[in-house]
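Student: Here's my sequence, what's the structure:
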Amino acid sequence: MSRRRSFALALALLCALSGLSAVGASTAASAAEPGSTSASTSSSTSASTSPARAFTPMRLGDRGWRVRVLQSRLHQLDLHSEVVTSRFDRETRDGVATFQRRRDWRDDGVVDERTWRAIVARTTEPTTEALHNVYTPGPPLLQRGDTGLRVRQVQARLKQLRWYDGPVTGRYGRTTVEAVEGFQAKRRIPVTGQVDRRTLSRLTAMTRPPTRAELFNIVPTGPALDPRCLSGRAMCVDKTSRSLRWVVDGVVLKSVEVRFGSDELPTREGAFAVFRKSRDHVSSLYHTPMPFAMFFSGGQAVHYSPDFAANGYNGASHGCVNVRDRAAVAWLFDHVRIGDKVIVYRS
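Tutor: Numbers count the residues shown, from 1 in each chain. Have a look, this model is predicted:
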């Protein structure tokens, strides 16, 4: 009987402990419910202490570290120079606008949240070196001892910027090294005296393609040529010297004397292009011959003038550029193409 009572007491104790355990589990589950008072209080506290921050757009004139990061990311997309400045300038705005335009978005150059997220998604986190304009040299493309046309091109471009003042030789020697070092130091590029990709890109962006005259040290004769005549193919017509010079890539290949229109019918000045050629042309307005006519502005043309050949500067044209050397203008007519430049100016 004693053993039965002991067993019953043990069984009652076990049931009591199980009941307490169930009550504890139920209480814990109730506390974890999203709708419970405890969870609601915690959520409310979190929301009040950590509110969601609205994105602040970046635009022209802004300054700060965010702009620096933006510029570095734009550089990764080839939409900004490698140098970052923390100033949201025109270059930055133009880079952002180009990025937006490529996506058919409003290209106002303002970095809103959508633009920023798209830029971040297409770039990597800028390095500390990139954000502080600390660069490491790239592999040399050109260096001391090299020769050839590529060296000439670098020398000619450096000469345009007044970093190199010697003759363009095509030999990468001491003077070229010093010129490259000066260019690099000015632009915070690692100073090596060698032309790496970064140096060449900056140099190319700051200069125009060298002319043949610049590459081979050909000095034009006579009065100064208008800068518009230094590239491509141009009839360079100088009213001051009363000359027409046929110039190809900065090299004068032919020079002839010319005369112009009167004060009442002046020859127009400016930049034009040959739009029509007529070897045996006769003026429909004045009924006078205009052999080898090369029209560049309305009815004005470069052409041979028998009157200029006979009377010189005692007469004047009706606005055309008269040439009195028939053989020379015939040569010009055969070499000039439709679309070639005609630059009429005063030196």
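
Student: Residue ranges in the stretch 101-250 of the chain under the pLDDT threshold?
Tutor: 220-221 (pLDDT under 70).

Student: ranges for the strands of it?
Tutor: 233-238, 243-248 (DSSP state E, counting those that start in this stretch).

Student: May I see those arranged in JSON lines, with mean neighbour count as well?
Tutor: C-betas here are computed from N, CA, C, even on glycine. Converted to JSON lines, these look like this (neighbours: other Cβ atoms under 10 Å):
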{"stretch": "strand 233-238", "mean neighbour count": "23"}
{"stretch": "strand 243-248", "mean neighbour count": "22"}
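
Student: Identify whichever of these lies nearest to Gly170.
Tutor: Closest to Gly170 of the strands of the stretch 101-250 of the chain, according to Cβ to Cβ: strand 243-248, at 20.6 Å.

Student: Which other helices and strands does that closest one contact?
Tutor: Contacts defined by 3 or more Cβ pairs under 8 Å, 6 or more residues apart in numbering; DSSP states H and E place strand 243-248 against strand 233-238, strand 251-259.

Student: residue boundaries of the helices in the stretch 1-150 of the chain?
Tutor: In the stretch 1-150 of the chain, the helices defined using DSSP state H, counting those that start in this stretch lie at 2-32, 37-49, 65-76, 90-101, 113-121, 128-131, 149-160.

Student: Tell me how far the last one lies from the chain's centre.
Tutor: The one in question is helix 149-160. Chain-centre distance of helix 149-160: 19 Å, with Cα atoms, centre = their mean, to the nearest Å.

Student: Report the buried residues of that helix.
Tutor: For helix 149-160, the neighbour count (16 or more other Cβ atoms under 10 Å) marks Val151, Arg152, Gln153, Val154, Gln155, Ala156, Arg157, Leu158, Lys159 as buried.

Student: ok, now the third one?
Tutor: By neighbour count on 16+ other Cβ under 10 Å, the buried set for helix 65-76 is Val67, Arg68, Val69, Leu70, Gln71, Ser72, Arg73, Leu74, His75.

Student: related to what we said a few turns ago, may I see the helices and strands packed on strand 243-248 arranged in JSON lines, with distance to Ser284 as well?
Tutor: Output for the helices and strands packed on strand 243-248, formatted as JSON lines (distance: least, Cβ to Cβ, whole Å):
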{"stretch": "strand 233-238", "distance to Ser284": "23"}
{"stretch": "strand 251-259", "distance to Ser284": "22"}
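
Student: between those strands, which gets nearest to Leu203?
Tutor: Among those, strand 251-259 comes nearest to Leu203, with 23.2 Å by Cβ to Cβ.
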